[in-house]
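In: let's see this in three dimensions:
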Amino acid sequence: MGSSAHLITVAGLMIMTVWSCLSVAQQQASPKRQAAPHVVFVTGDCEYRSEITMPMIAKILENHHDMKCTICYAVDEKTGEIKPKHLTNIRGLEALRTADLAVFYVRYRQLPDDQLKLILDYIQSGKPIVGLRTSTHAFRYTSGPNVQWNDDFGRLVFGQKWIRHHGHDSSTIVYLALKDHPIARGIASEFHVRSWLYYVMPLEGDCNILAQGIAVKGELPSKNIFGTPNPVAWTKHFGKARVFFTTLGHPKDFEIESVRKLLINGIYWALGWEDRIPPTGCKADTVGPYIAPPTTQAVPDPLLVPTNLTNR
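Out: Numbers count the residues shown, from 1 in each chain. Alright, predicted model coming up:
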């Protein structure tokens, strides 16, 4: 009886040992899945409806790419209502403390010091940064030390400050300039967008131009080209941080798969995940229907500027 029990115990130990070895082998063959990155969207542009378009992109990231997303909105402190034209408050910026990547789509904010500090602390952290369109002119302070960020935020972080654009009565033909870059995967070599083209040359820093734009008269594709071609998407670094920026961002732009894919591929690249971008690009199907909202009239600039530069 004792001998039989001993044999059973030995056999059991041998089975446990084999199972343990298999478990270790399985763990080595299938490493633990990386935690979902936390992407924080900072919105508030008062013209291009980032309060609608960025949540749409966030749904794509959450549903198709297993990312966790937080949206920070411009909010009226008195009413608690989301108001993109309310320049002095963006609710929820504390989320930047735990962000793995931040996406900025803001224009001419005049945030209090504590909120600005949350943004500046993030961009100094070395974590990935993504920006769209009006984020070249994210701030417009009228006095004090924060005035430096009116130009420097766009210039240093993203590669250019506000200069001017080709006019609201125009649109843009986009073509890839660097087709072998991971961000270019799955994107049409040429496509038309509603965004009017921004002047951004010469870019500052180690910018790597991915796509160029040519301005055309009118809202529809045409051969009526005018003005100066300019970059519409590029990568760069801000300190140790990878940065992706695009001057695209009109609400109708996001009806185009190549635009959505450009932004999502850019987010993957900024995270250091370029090896995860498929040859056909990251999945960019909208979650539910997306119908572009109309743009709104931008609020008057808080500083006096030449009349030909007031609509930005």
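In: number of residues surrounding residue 299?
Out: 14 (other Cβ atoms under 10 Å). In short, each C-beta sits where N, CA and C put it, glycine included.
In: wait, I meant residue 207
Out: Quick note: residue 207 (other Cβ under 10 Å) scores 19 neighbours.
In: do you know how far it is from residue 233?
Out: Here the criterion is Cβ to Cβ, to the nearest Å. By it, residue 207 lies 10 Å from residue 233.
In: residue 276 too?
Out: Remark: distance between residue 276 and residue 233 (Cβ to Cβ) = 19 Å.
In: got it, and residue 35?
Out: Distance, residue 35 to residue 233, using Cβ to Cβ: 28 Å.
In: and what of residue 68?
Out: Distance check for residue 68 against residue 233: by Cβ to Cβ, it reads 25 Å.
In: for the two, indicate the residue with more neighbours.
Out: Of the pair residue 68 and residue 233, residue 233 is the one with more neighbours under other Cβ under 10 Å, namely 28 against 16.
In: bridged to the more buried one, which residues?
Out: residue 211, residue 246 (DSSP bridges).
In: in this structure, which spans are strands?
Out: In the chain, the strands defined using DSSP state E lie at 38-44, 68-74, 90-91, 101-106, 129-132, 164-165, 170-176, 190-193, 198-199, 208-217, 225-238, 241-246.
In: output the below-cut-off pLDDT ranges for this protein.
Out: In the predicted model of the chain, residues 1-34, 300-312 satisfy pLDDT under 70.
In: repeat the analysis, applying 50 as the threshold.
Out: Scanning the chain for pLDDT under 50 picks out 1-32, 302-312.
In: show me where it has its helices.
Out: 2-29, 50-65, 113-123, 149-152, 257-270 (DSSP state H).
In: ok, back up a step: can you check which of the strands of the chain gets nearest to residue 280?
Out: Closest of those to residue 280 is strand 170-176, at 14.8 Å (criterion: Cβ to Cβ).
In: partner strands of the closest one, parallel or antiparallel?
Out: For strand 170-176, pairing defined by DSSP bridges yields strand 190-193 (antiparallel), strand 208-217 (antiparallel).
In: tell me which of those lies nearest to residue 117.
Out: Smallest distance to residue 117 across these (Cβ to Cβ): 30.1 Å, for strand 208-217.
In: would you mind writing the CA trace of the closest one as CSV?
Out: The C-alpha coordinates for strand 208-217 follow below in CSV (Å, rounded to 0.1, in the frame of the first residue of the first chain):
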residue,chain,number,x,y,z
ASN,A,208,10.7,64.2,-42.6
ILE,A,209,8.0,65.1,-45.1
LEU,A,210,5.6,62.3,-45.9
ALA,A,211,2.9,64.0,-48.0
GLN,A,212,2.7,67.2,-50.0
GLY,A,213,-0.3,69.3,-50.9
ILE,A,214,-1.2,71.4,-54.0
ALA,A,215,-4.0,74.1,-53.6
VAL,A,216,-6.8,74.1,-56.2
LYS,A,217,-9.6,76.6,-56.6
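In: contacts for that strand?
Out: Residues outside strand 208-217 that contact it (Cβ atoms under 8 Å, 6 or more residues apart in numbering) are 166-167, 169-178, 181, 183-184, 192-193, 196-197, 203, 222-236, 246-247, 262.
In: got the angle between that strand and strand 225-238?
Out: Comparing the axes of strand 208-217 and strand 225-238 via axes from the mean of the first three to the mean of the last three Cα atoms, to 10 degrees yields an angle of 160 degrees.
In: okay, angle between strand 208-217 and helix 257-270 too, please.
Out: 160 degrees.
In: run the angle between strand 208-217 and strand 241-246 for me.
Out: Counting by the same axes, to 10 degrees, strand 208-217 lies at 20 degrees to strand 241-246.
In: and residue 88, its phi and psi?
Out: The phi and psi values for residue 88, taken as degrees, to the nearest 10, are phi -110, psi 10.
In: understood, closing this out.
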